[in-house]
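Novice: Need the 3D shape of this:
(one chain, ligands or ions: 2)
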Amino acid sequence: MGKTALVTGVTGQDGSYLAELLLAKGYTVHGIVRRSSTFNTERIDHIYQGPQASRRTFVLHHADLTDGVALVNLLREVRPDEIYNLGAQSHVRVSFDAPLYTGDVTGLSALRLLEAVRASGSGARVYQASSSEMFGAAPPPQNERTPFHPRSPYGCAKVFGYWATVNYREAYGMYAVNGILFNHESPRRGETFVTRKITRAVARIKAGLQDRLYLGNLDAVRDWGYAPEYVEAMWRMLQRDEPDDYVVATGEAATVRQFVETAFAHADLDWSRYVRYDPKYERPSEVDALIGDASKARELLGWQPHVRVAGLAEIMVDADIRQVADQLAGATVRIDR
Ligand code: NAP
Ligand code: G4F
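Specialist: Residues are numbered from 1 along each chain as shown. Ligands and ions are numbered 1, 2, ... in the order given. A predicted model of the protein is given here:
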């Protein structure tokens, strides 16, 4: 019998890649989808199995991370071996506009889920999607021993989720781990994160659909990796004998400006003709530089990244160019795989 996994945030970038990975490994995957007035399953439509399918290995459930009772009921029903808590209000800039909501969904929900595991008597292993944003103002390179100094309500909420996970491990002997992932991107990245905003604009400018791209701080330094490789690290963390916390990163630094240059150059465009500054995209407090040291993941998980920032920008530009071409041809727009 294959294992059973429960994935919160299955409709998001990471959730969709993780579901594919687990299905390929023979898991039965249960995903939590929150109710929306418009379709929010675009990233997983290609693996969806309807309720009438003869043998379902991918099952979706309506629930919400803010509903602790629904989580307990779901855990009693699904009885997962592994839980991946990827659901979150994950946008840092938005967390300044909706700080309490972000604290609830991104922070308190991690505790809600851990408590639901306890209340349901589940012995499931738990992965918590922690973030390099917790390091905030701590100077790079950052690793598992770097003190946290969050710079946003999102970062504060993730610090809460991180410590709740450590606490349930220590207090109840739960198999609960934190993956401290640095920025990771893909053609499935949400359109308002900076990489995707840039690559989507490149494709639209190339096609004559847009003539300006407004951005905020071009000097911020990030360590950008490729999302499909990062979900592999999540899975590896739950296969170890002992639970532990791991940084996942490429160790390679680039500024937003460098990402812009690479993305525009890949489409033979001169970025300075199109990119303009808008202070609206600045944050009240910025995280200047995140560069990860993932030696522990390399040594203990045998994990290492292969796609680097320049290759990542090219993958994303190519995918957005294909998507715009589909739109212009009136074809069904497919999420790039
Ligand atoms: P994402 O694309 O924004 O996906 C977030 C997911 O959470 C979506 O499925 C979303 O549902 C769901 N969600 C939001 N609010 C919810 C609620 N109240 N109840 C249930 N589900 C809810 O994020 P991602 O990039 O895949 O990231 C996955 C996780 O890793 C997040 O926790 C994020 O904070 C964390 N993380 C991401 C990165 C990164 O660089 N990508 C780095 C470090 C940590 P809808 O589709 O309906 O919106
Ligand atoms: O793409 P971003 O919005 O990602 P950010 O803030 O680093 O957060 C992402 O990575 C975290 C891991 O470190 C995750 F936990 C989190 O969930 C999310 O996935 O912004 C990257 C940088 C920032 O410094 C921002 O100020 O780009 C800068 N930036 C400049 N102009 C912009 C823009 N960011 C956005 N979103 N939009 C702009 O127009």
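Novice: Could you chop this structure up by domain?
Specialist: 4-185+226-248, 194-221+253-286+307-329 (automatic domain parsing).
Novice: Go through those domains and pick out the most buried.
Specialist: domain 4-185+226-248 (a mean of 19; mean count of other Cβ atoms under 10 Å). For the C-beta atoms, the positions are set from N, CA and C on the backbone; glycine is no exception.
Novice: and ligand 1, which of the domains of the chain is closest to it?
Specialist: Evaluated over the domains of the chain, closeness to ligand 1 peaks at domain 4-185+226-248, with 2.1 Å, by Cβ to the nearest ligand atom.
Novice: Off-centre distance for that closest one?
Specialist: Domain 4-185+226-248 has its C-alpha centroid displaced from the chain centroid by 9 Å (Cα atoms, centre = their mean, to the nearest Å).
Novice: which residues in the chain form strands?
Specialist: 4-8, 28-33, 58-62, 82-85, 125-131, 176-181, 184-185, 213-215, 221-222, 225-226, 246-248, 254-255, 275-277 (DSSP state E).
Novice: So what touches the last one?
Specialist: In this case it means strand 275-277. 212-216, 218, 260, 264 (Cβ atoms under 8 Å, 6 or more residues apart in numbering).
Novice: and it, anywhere near ligand 2?
Specialist: No. If you take Cβ under 6 Å from any ligand atom as the test, strand 275-277 misses ligand 2, and the best it gets is 8.9 Å.
Novice: hmm, back to that, so which of the contacts of strand 275-277 reach ligand 2?
Specialist: 215-216.
Novice: Same list (the strands of the chain) but as CSV, adding distance to Arg118.
Specialist: Below are those laid out as CSV (distance: least, Cβ to Cβ, whole Å):
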stretch, distance to Arg118
strand 4-8, 15
strand 28-33, 18
strand 58-62, 20
strand 82-85, 12
strand 125-131, 11
strand 176-181, 11
strand 184-185, 30
strand 213-215, 44
strand 221-222, 36
strand 225-226, 33
strand 246-248, 24
strand 254-255, 42
strand 275-277, 49
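Novice: and of the ones you listed, who's closest to Ala310?
Specialist: strand 254-255 (8.3 Å; Cβ to Cβ).
Novice: Show me which residues of the chain are close to ligand 2?
Specialist: So far as Cβ under 6 Å from any ligand atom goes, the chain lies against ligand 2 at 90, 92-93, 131-133, 182-183, 192-194, 197, 215-217, 220, 222, 256, 281, 283, 286, 290.
Novice: related to what we said a few turns ago, take the domains of the chain and lay them out in JSON lines including distance to Ala294 and mean pLDDT.
Specialist: As requested, these are exported to JSON lines (distance: least, Cβ to Cβ, whole Å; pLDDT from 0 to 100):
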{"stretch": "domain 4-185+226-248", "distance to Ala294": "5", "mean pLDDT": "97"}
{"stretch": "domain 194-221+253-286+307-329", "distance to Ala294": "13", "mean pLDDT": "98"}
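Novice: do you know which of the ones you listed lies nearest Glu299?
Specialist: Here domain 4-185+226-248 is closest among the domains of the chain (Cβ to Cβ), at 10.1 Å.
Novice: Which residue does the stretch 1-150 of the chain have closest to ligand 2?
Specialist: Taking Cβ to the nearest ligand atom, the stretch 1-150 of the chain has Ser131 as its residue nearest ligand 2, at 3.2 Å.
Novice: Might one say that that residue is in contact with Gly155?
Specialist: Yes. Between Ser131 and Gly155 a contact is recorded at 7.2 Å, counting by Cβ atoms under 8 Å.
Novice: centroid residue for this structure?
Specialist: Asp14 (4.7 Å; Cα atoms, centre = their mean).
Novice: quick one, phi/psi of the closest residue to it other than its chain neighbours?
Specialist: Leaving out its chain neighbours, the residue that sits closest to Asp14 by Cβ to Cβ, 6 or more residues apart in numbering is Leu86, at 5.1 Å. Main-chain torsions, Leu86, degrees, to the nearest 10: phi -100, psi -10.
Novice: Over to Ser285?
Specialist: According to degrees, to the nearest 10, Ser285 has phi -140, psi 130.
Novice: mind checking how far it is from Cys156?
Specialist: As judged by Cβ to Cβ, to the nearest Å, Ser285 and Cys156 stand 11 Å apart.
Novice: same question, Arg43
Specialist: In terms of Cβ to Cβ, Arg43 sits 28 Å off from Cys156.
Novice: Over to Gly208?
Specialist: Counting by Cβ to Cβ, the gap from Gly208 to Cys156 is 43 Å.
Novice: Ser120 touches Pro80, doesn't it?
Specialist: No. Checked against Cβ under 8 Å, the pair Ser120 and Pro80 is beyond contact range at 10.0 Å.
Novice: shared neighbours, the two?
Specialist: If you check Ser120 and Pro80 against Cβ under 8 Å, 6+ apart, no residue is contacted by both.
Novice: one step back: residues contacting the residue nearest to Asp14?
Specialist: Per Cβ under 8 Å, 6+ apart, neighbours of Leu86: 7-10, 12, 14-15, 18, 129.
Novice: who are the neighbours in contact with the residue nearest to Ser285 when sequence neighbours are not counted?
Specialist: Leaving aside its sequence neighbours, Ser285 sits nearest to Arg151 (Cβ to Cβ, 6+ apart; 4.5 Å). Taking Cβ under 8 Å, 6+ apart, we find Arg151 in contact with 133, 136-137, 283, 285-287.
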